[in-house]
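K.L.:
No sequence on hand, only this structure:
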């Protein structure tokens, strides 16, 4: 079979146990970050806007909706023959449960703007740190970024345009369905990139694949 039809990146078994612990630490932080944004009630990331809206309509937890959405998006990426890694699957199966874990423990905050702002900014910082940990393991892009990379590869769109078009579509649908879009959604979009760069410098992460690293800022 031609290498072009091999969709799964090889696993480095020697480092797998340590890599799994590291990547789970990153996903735990992802879960905290998303939960803080949701409970802060100032607006969330684009995908969380849609997932919260759908979770209310379907009457399931936000974390469960995140898992379903992850597998749905991954299916599209695989149809477009985007290669994935074991980290892609662990991403789908881990972040959603961590979201539910932290949502059950972090209370919703309203009418306390200083605390809400602090929750949002803490979430963005955690997202940057979590992204640096996840990307540093080099176990494959998350499902949403895999889709973005597939669209870039198959259409010739720039990385920024491919991601932007997906996120605008996602947040628009989520907002129309009653998802928690707000000023925090815009703040997140503006600050998450610098936060990821900060995480890279702090942890001295040396990216292995520049295209994927530039893409992965929230998955």
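P.N.:
Received it, and whenever you're ready, just let me know what you need. All figures in this text were calculated on a predicted structure; none of them were measured in a lab.

K.L.:
Can you verify residue 108 is assigned to a helix?
P.N.:
No: secondary structure of residue 108 (DSSP: H, G, I helix; E, B strand; the rest coil): coil, not part of a helix.

K.L.:
show me what contacts it?
P.N.:
39, 41 (Cβ atoms under 8 Å, 6 or more residues apart in numbering). (C-beta placed from N, C-alpha, C; glycine too.)

K.L.:
Could you find the closest non-adjacent residue to residue 100?
P.N.:
Residue nearest to residue 100 in three dimensions, not counting chain neighbours: residue 63, with 3.4 Å by Cβ to Cβ, 6 or more residues apart in numbering.

K.L.:
Centre of the chain to stretch 30-44, how far?
P.N.:
12 Å (Cα atoms, centre = their mean, to the nearest Å).

K.L.:
Can you list the low-confidence ranges for this protein?
P.N.:
Within the chain, the stretches with pLDDT under 70 are 1-9, 206-219.

K.L.:
ok, residues contacting stretch 141-156?
P.N.:
Contacts of stretch 141-156 (Cβ under 8 Å, 6+ apart): 47, 70-71, 73-74, 76-77, 80-82, 84-85, 87-88, 91-92, 134, 140, 157-159, 162-163, 166, 211-212, 215-216, 218-219.

K.L.:
ok, and the closest non-adjacent residue to residue 24?
P.N.:
For residue 24, the closest residue by Cβ to Cβ, 6+ apart turns out to be residue 94, at 6.2 Å.

K.L.:
Quickly note the distance from the one you found to residue 113.
P.N.:
32 Å (Cβ to Cβ, to the nearest Å).

K.L.:
coming back round to it: helices - which of the contacts of stretch 141-156 land there?
P.N.:
Judged by DSSP state H, the subset of the contacts of stretch 141-156 located in helices is 47, 70-71, 73-74, 76-77, 87-88, 91-92, 134, 159, 162-163, 166, 211-212, 215.

K.L.:
hmm, back to that, work out the gap between the strand or helix carrying the residue nearest to residue 100 and the centre of the chain.
P.N.:
Following DSSP states H and E, one finds residue 63 within helix 62-79. With Cα atoms, centre = their mean as the basis, helix 62-79 stands 11 Å off its chain's centre.

K.L.:
now stretch 73-90
P.N.:
Using Cα atoms, centre = their mean, the offset of stretch 73-90 from its chain centre is 14 Å.

K.L.:
what does stretch 161-177 give?
P.N.:
Using Cα atoms, centre = their mean, the offset of stretch 161-177 from its chain centre is 14 Å.

K.L.:
Show me what counts as buried in it.
P.N.:
For stretch 161-177, a neighbour-count test (16 or more other Cβ atoms under 10 Å) marks 162-163, 166-167, 170-171, 174-175 as buried.
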